[in-house]
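In: Got a predicted structure plus its sequence, pasted below:
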Amino acid sequence: MKNLQKHRLAVFASGSGSNAENIARYFDGREDVKVVLFLSNKKNAYVLERGKKLRIASHAFEKTDMEEGRILQLLQENQVNFIVLAGYLQKIPPEIIQAYPDKIVNIHPALLPKFGGKGMYGERVHEAVIQAGEKESGITIHYVNEHYDRGNIIFQASCPVLASDTPSELALRVHELEYLHYPRIIDKLLKE
Ligand code: GRF
């Protein structure tokens with residue numbers, strides 16, 4: 001039987017999953033790293049379609065699956081040892097955080113500690129950045145702990161906010177940074 005990969009990743013996403021796909025494609029063909037699961041708390045999330053096309057086991061789950069330990073069990077059955085959140089809009093319960101100390105990362109589409117916290121997701125973040133008259137925005141990759149967007153920061157990259165920007169224009173610029181850096185930073189963390 002073929003040896004299991006050293007690093008087995010699960011990606012949690014609640015929406016489109018373009019980051020999830022980008023990460024899976026980045027590691028495609030690597031012997032040491034494999035994205036083994038796409039998990040979503042939304043049964044109609046497009047990330048699940050992307051997962052099927054990429055032949056990655058993709059599952060939607062209910063809140064109770066998380067609360068009653070079935071997601072932790074699924075992660076363990078699949079021998080997942082690193083978790084990536086990419087546009088995942090629910091809190092990760094303490095049991096999972098404790099089972100994966102410093103092995104869960106998230107990406108936030110702004111420069112934390114500004115524009116983070118509960119309710120700060122998607123377009124709302126970009127709206128708030130523009131509203132505040134910021135000249136710069138960007139991405140923050142950070143460890144996940146029990147508080148929204150407050151785990152230790154691993155990496156940040158910035159981009160300009162133009163006076164003419166709409167939230168969707170800014171989102172596009174921020175997404176480009178995400179695609180460029182998120183897989184690369186995950187790769188680096190796996191090697192540490
Ligand atoms: C990304 O901007 C990410 O930073 C944020 O949610 C968005 C998800 O986009 N947390 P996608 O689903 O990867 O396309």
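Out: All right, it came through fine. Numbering: from 1, shown residues only.
In: any idea how far whichever residue of the chain sits closest to the ligand lies from Arg8?
Out: Nearest to the ligand, among the residues of the chain, is Gly87, at 2.6 Å (C-beta to the nearest ligand atom). (Each C-beta comes from the backbone N, C-alpha and C, glycine too.) Distance of Gly87 to Arg8, computed by C-beta to C-beta, to the nearest Å: 21 Å.
In: what about these two, which has more around it?
Out: The neighbour comparison of Gly87 against Arg8 (other C-beta atoms under 10 Å) goes to Gly87, with 23 against 17.
In: and the residue of the chain closest to the ligand, helix, strand or coil?
Out: coil (DSSP: H, G, I helix; E, B strand; the rest coil).
In: Isn't it up against Asn22?
Out: No: using C-beta atoms under 8 Å, Gly87 is not in contact with Asn22; the gap is 11.4 Å.
In: And the helices in this protein, which stretches?
Out: 18-27, 46-53, 63-67, 70-77, 94-99, 123-131, 167-191 (DSSP state H).
In: Mind putting those into a markdown table with distance to Ser137?
Out: Shown next, in a markdown table, are the helices of the chain (distance: least, C-beta to C-beta, whole Å):
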| stretch | distance to Ser137 |
| --- | --- |
| helix 18-27 | 17 |
| helix 46-53 | 24 |
| helix 63-67 | 31 |
| helix 70-77 | 32 |
| helix 94-99 | 28 |
| helix 123-131 | 5 |
| helix 167-191 | 6 |
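In: How about the residues of this protein by the ligand?
Out: 13, 15-19, 86-87, 107-109, 121, 175, 178 (C-beta under 6 Å from any ligand atom).
In: will you turn these into JSON lines that also has pLDDT?
Out: Output for the residues of the chain next to the ligand, formatted as JSON lines (pLDDT from 0 to 100):
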{"residue": "Ala13", "pLDDT": "98"}
{"residue": "Gly15", "pLDDT": "96"}
{"residue": "Ser16", "pLDDT": "96"}
{"residue": "Gly17", "pLDDT": "98"}
{"residue": "Ser18", "pLDDT": "97"}
{"residue": "Asn19", "pLDDT": "98"}
{"residue": "Ala86", "pLDDT": "97"}
{"residue": "Gly87", "pLDDT": "95"}
{"residue": "Ile107", "pLDDT": "96"}
{"residue": "His108", "pLDDT": "95"}
{"residue": "Pro109", "pLDDT": "97"}
{"residue": "Tyr121", "pLDDT": "88"}
{"residue": "His175", "pLDDT": "97"}
{"residue": "Glu178", "pLDDT": "98"}
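In: Of those, which is the nearest to His142?
Out: Of all those, the one with the least separation from His142 (C-beta to C-beta) is His108, at 6.9 Å.
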